[in-house]
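Enquirer: this one's sequence-less:
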């Protein structure tokens, strides 16, 4: 008895940060493919909030063969993400609320059925319905023909089936779950950008985080761009919902958005003919370069916040698409290295970053589903603290013209 | 005994129009996928002409993963259609004849392997071999670059895997079979046109019908176009075969077709260097807007007719592709809302229709495989009756220039 | 006993050239798909060098669903080829060496995930990692917009899943293995070029051969082009490795290659910023039109040679891509009907060939993995014999300008 106790204690001591069970669901190198797969806290004899993790292969329509991994936590969040679509987050539900929205695109479209070059580079819209899409990394932004090619809307990562998928569950409370996926943007002569994405979630909690490491595996420096295109609809978004972020300045993306500058931080309800307005924000951050942005409902008891690092993601786009429900009533909170302008403009304005050969860069974001007054108030307080008494430079002149 | 009889009689009475067994073969929403599947009249204890309905997943070449549903009726028709290709009809055989043709494309090409934008918008030709393709609904016609995008040949519906497939068999004689498939053309910001296609067939009969309901699920009006591109080769098409339809007028599609206007209603045998001629027809219809068009063989004992409604499908294209057998010896009878001109011309000439938000429109067509003199004669009689003594305006001037 | 002997002897006599077991792994016509499959010399009770033949369906990333056939010979070669990618040869290993190279593209990319038109017609590079890719047959060469369409890099055959795959093993020693695959380039109105590829390998040997028969199934003559793009990296390619071939002349592909003309037949080690140089060679051949080209290492004890027929493949391209290891350190030896210029230039310069209706043409190539001094010396001797005292016309002027 003694001996067992000692050994267990030792095990905990040694392994606390690393001891975990790992399941490889997909691996291109070894040809692994678990297909439909499931694990539960019960099977793992894990205490605390009951959870399960499931992978399912979808069928029907243009989602034939798409995979979805769903993390279900009994009193916490249900998080769905798709290995077939660059580990994009489909939707996050819990606490009587959700992060995500309702696109007219209902299926988890397999990239095999998408031609990103169609519709003059807007083919991406044929699969867009996620709560979060990685827009990058080889390029991002609005489509443009340049360098003799078509840079399609928001790049290819979000439409790339990942090469390796791992699920990891910590061996000890609070049984943190990690889901990793490797996105390869590898093209002979062109790019070898590989992104190891990681989602971390502690069962029962109302937040999760992303930790993505982008590495340039080539022997030459390579440009990269990324926008974490994070999208929220009802029940958070509503008439009177507000957008919150500490900022040095804001300006409309184009002339149409200029018309909405006055009330840009407040949302309208579903509005026929609203279409979309986009605002370019220069976020402020604290001394550790941490900042956060949020959308909260009118009553201030529901919301979603994204914490991020402005050294990693220096700019912030707010996308206001408060058109009708059926058109996709949604707002985007989009921390990035770039605004949504075409890569040509982003290059001119020096926002396109570069990775040296073998170098890596990391992106850490924490998403929180706010579900009461206190949580919303706390976010407001944090934002106010970062803002301090710094004046917001509101410019009505777009910084670029497409 | 008495009681049983009464109950059965009652059952028939109550259920006749609605009682049926339904099998969901594919459903994107619930993730259903039956894969290889089969049902037969024997299993269903259905009297009358023996039938079976089978779904098969194909393999090899560019048809990897394509699904085909085949309805086989012992003394009637064998009808093959593909859920992977927008419920297009592959071929219909029976009574010693067939509707369909022999394309150099032999496989049921999975749209995953087709780039509609390739060959300057003619990628559609890499999969074209069907007896009937739905050319629409977002757009149709010859490719054109307009509005900054490439409108590819004949739209996308025919290359869209359907989101839901249902097979229904009536519970009572004559055990009508219905196969439904849902084509979604849903793209964020662009379109949410959904077409619930339905094919109805009574085992033993020599005809089947289509009943497609197109609905605009968006909150804005949306243009639509549709051509039911129906194609017939041997044994109906041959030297001396004839095209029949009641019409107000006809004109050649372009200058090349002008050269064939004189004998346009009669077909040549397989002819080297014939290529194709297209004729634009203004169909006449009866007081219920019903009309029909047909192709019949020289002897007048084989043929195929299509009955349709000119309020739903006001124009008719005849495509004469009597080139050699290996090139695809075939004629198209194509009721539609549009001719085959690019959408830009169809817009100018006001043939592009529009659906209001939430509105639906229906297309009903009946295809009949004519297999004796009497049947052909009856079609000729019906057509003559609709034509009456109305003169046909034969114009040698194409109504548009591509 | 006697009887048995006589019968066996007779059987050998009659069947020697044709008696073999055949397995159909894939057949579009009948819907056959063996998926994961394996056979071994043990099961076949075949004497001589032990061998196995395996088909495996791959998973993960953009190789989801790709098939690979691997021939393994105990003391000979391991040859991997992909039915999903036009029977391209992935790699060939044995005798402590290999034919093949290391591309930044690691997966056997399913063409469903490649858009050949992307990157202005360079989408082909997103899947390029093979030891040998068939670049053809409808067209080949660098991309060009002409005839209103985009001719994409190196054509489509190498990104076409084959329609039929057969494995054949001879019934008697030396148990020759044949793997056949049918590539269909069939598009309504455009082309019906079908290539029945065949690879032949005798277990234990250090060479294998290809015997491809291209047939024009259309009723009209059709142009064709083919380059057997064969690629070699380490351990054969190294600083001081040499390229060998008998030739009438050589010239640089473009101005950049001009700079490397002086030492064009010797290779540098992995060299930053080298990028690529291409040289156009007019090969010489013997009286039977046989010739060979090779790359050999510095020590002259490792190499790879390709024997081919200059009536079938009259021109030879040498591609020198001695950039860094991670970029893909590789040289291409590319017998073809064409150089790598766009089809427009190849047409002007009369290298585009044509097949009459129903006509076939054959391509026979033998690849040998040279693994000692004697083998390398023999190749050198053969090449010297074909060269004889014919002078090589070294021109520093590219024959065309892209």
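Expert: That came through fine. These numbers were taken from a predicted model, which means no experiment stands behind them. Numbers count the residues shown, from 1 in each chain, chains lettered A, B, ... in the order given.
Enquirer: pLDDT wise, what is residue A:2 at?
Expert: What the model reports as pLDDT for residue A:2 is 41.
Enquirer: what's the closest non-adjacent residue to the residue of the stretch 151-300 of chain A found nearest chain B?
Expert: When distances are taken as Cβ to the nearest Cβ, the stretch 151-300 of chain A approaches chain B most closely through residue A:272, which lies 6.7 Å from it. Placement of C-beta: from N, CA and C, glycine included. If you skip the residues right next to it in sequence, residue A:272 has residue A:324 as its closest partner in space, 5.7 Å away by Cβ to Cβ, 6 or more residues apart in numbering or on different chains.
Enquirer: residues contacting that neighbour?
Expert: A:270, A:271, A:272, B:219 (Cβ atoms under 8 Å, 6 or more residues apart in numbering or on different chains).
Enquirer: quick one: the residue nearest the centre of chain A from chain C, how far?
Expert: For chain A, the residue whose C-alpha lies nearest the mean C-alpha position (Cα atoms, centre = their mean) is residue A:132; its distance is 3.8 Å. Using Cβ to the nearest Cβ, to the nearest Å, one gets 21 Å for the distance from residue A:132 to chain C.
Enquirer: Name whatever forms a beta bridge with that residue.
Expert: Here residue A:132 shows beta-bridge partners residue A:89, residue A:230, assigned using DSSP bridges.
Enquirer: State the distance from the residue of the stretch 251-400 of chain A found nearest chain C to chain B.
Expert: For the stretch 251-400 of chain A and chain C, the shortest gap (Cβ to the nearest Cβ) falls at residue A:357, measuring 7.9 Å. Note on residue A:357: its distance to chain B, by Cβ to the nearest Cβ, is 33 Å.
Enquirer: So what's the residue count around that residue?
Expert: Close neighbours of residue A:357, defined as other Cβ atoms under 10 Å in any protein chain shown, add up to 16.
Enquirer: Chain neighbours aside, what residue packs nearest to it?
Expert: Distances taken as Cβ to Cβ, 6+ apart place residue A:219 nearest to residue A:357, at 4.9 Å, with adjacent residues excluded.
Enquirer: Is the strand or helix carrying residue A:346 in proximity to chain C?
Expert: When elements are defined using DSSP states H and E, residue A:346 is found to belong to helix A:343-348. No - when contact is scored as Cβ under 8 Å from any Cβ of the partner chain, no part of helix A:343-348 falls within range of chain C; the minimum is 13.7 Å.
Enquirer: before we move on, back to that, my read is that the residue nearest to the centre of chain A contacts residue A:89, right?
Expert: Yes - at 4.0 Å, residue A:132 counts as touching residue A:89 under the criterion of Cβ atoms under 8 Å.
Enquirer: Write out the residues of chain A neighbouring chain C.
Expert: Going by Cβ under 8 Å from any Cβ, the residues of chain A near chain C are A:26-29, A:31-33, A:65, A:111-112, A:115-117, A:148-150, A:152, A:160-164, A:182, A:184, A:186-190, A:192, A:217-220, A:357.
Enquirer: Show me the helices in the stretch 251-400 of chain A, by range?
Expert: Under the criterion DSSP state H, counting those that start in this stretch, the stretch 251-400 of chain A contains helices at A:255-258, A:325-328, A:343-348, A:373-387.
Enquirer: Report pLDDT for whatever residue of the stretch 51-200 of chain A ends up closest to chain C.
Expert: Here the residue of the stretch 51-200 of chain A nearest chain C is residue A:163; by Cβ to the nearest Cβ that distance is 3.4 Å. Turning to residue A:163, the model gives it a pLDDT of 98.
Enquirer: cool, and residue A:301?
Expert: In the predicted model, residue A:301 carries a pLDDT score of 98.
Enquirer: excluding its backbone neighbours, what's nearest it?
Expert: Taking Cβ to Cβ, 6+ apart, and ignoring the residues beside it in sequence, residue A:301 has residue A:373 as its nearest neighbour in space, at 4.9 Å.
Enquirer: Name the helix or strand of chain A that has the lowest mean pLDDT.
Expert: The helix or strand of chain A with the poorest confidence is helix A:2-15; it has a mean of 43 (mean pLDDT, DSSP states H and E).
Enquirer: dump the residue contacts of residue A:270.
Expert: A:322, A:323, A:324, A:325, A:329.
Enquirer: swap the cut-off to 10 Å and go again
Expert: With contacts defined as Cβ atoms under 10 Å, 6 or more residues apart in numbering or on different chains, the neighbours of residue A:270 are A:233-234, A:237-239, A:322-327, A:329, B:219.
Enquirer: And residue A:399, by the same measure?
Expert: Contacts here follow Cβ under 10 Å, 6+ apart; on that basis residue A:399 touches A:249, A:251, A:252, A:253, A:280, A:282, A:339, A:341, A:345, A:349.
Enquirer: same question, residue A:56
Expert: When contacts are counted by Cβ under 10 Å, 6+ apart, residue A:56 touches A:35, A:36, A:37, A:38, A:66, A:67, A:68, A:69, A:70, A:80, B:31.
Enquirer: And the residues you listed, which is closest to residue B:397?
Expert: Proximity of these to residue B:397 was ranked by Cβ to Cβ; the top entry is residue A:66 with 51.0 Å.
Enquirer: all strands for the stretch 201-350 of chain A, in order.
Expert: Secondary structure of the stretch 201-350 of chain A by DSSP state E, counting those that start in this stretch: the strands cover A:207-216, A:222-232, A:242-244, A:247-252, A:277-283, A:290-296, A:303-309, A:315-321, A:330-336.
Enquirer: TSV please, covering these and showing mean neighbour count.
Expert: As requested, the strands of the stretch 201-350 of chain A are arranged in TSV below (neighbours: other Cβ atoms under 10 Å in any protein chain shown):
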stretch	mean neighbour count
strand A:207-216	20
strand A:222-232	24
strand A:242-244	19
strand A:247-252	19
strand A:277-283	22
strand A:290-296	23
strand A:303-309	24
strand A:315-321	22
strand A:330-336	25
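Enquirer: and the residue of the stretch 201-350 of chain A found nearest chain B, what are its phi and psi?
Expert: The nearest approach of the stretch 201-350 of chain A to chain B comes at residue A:324, 4.1 Å away (Cβ to the nearest Cβ). Main-chain torsions, residue A:324, degrees, to the nearest 10: phi -70, psi 160.
Enquirer: Okay then, goodbye and thanks.
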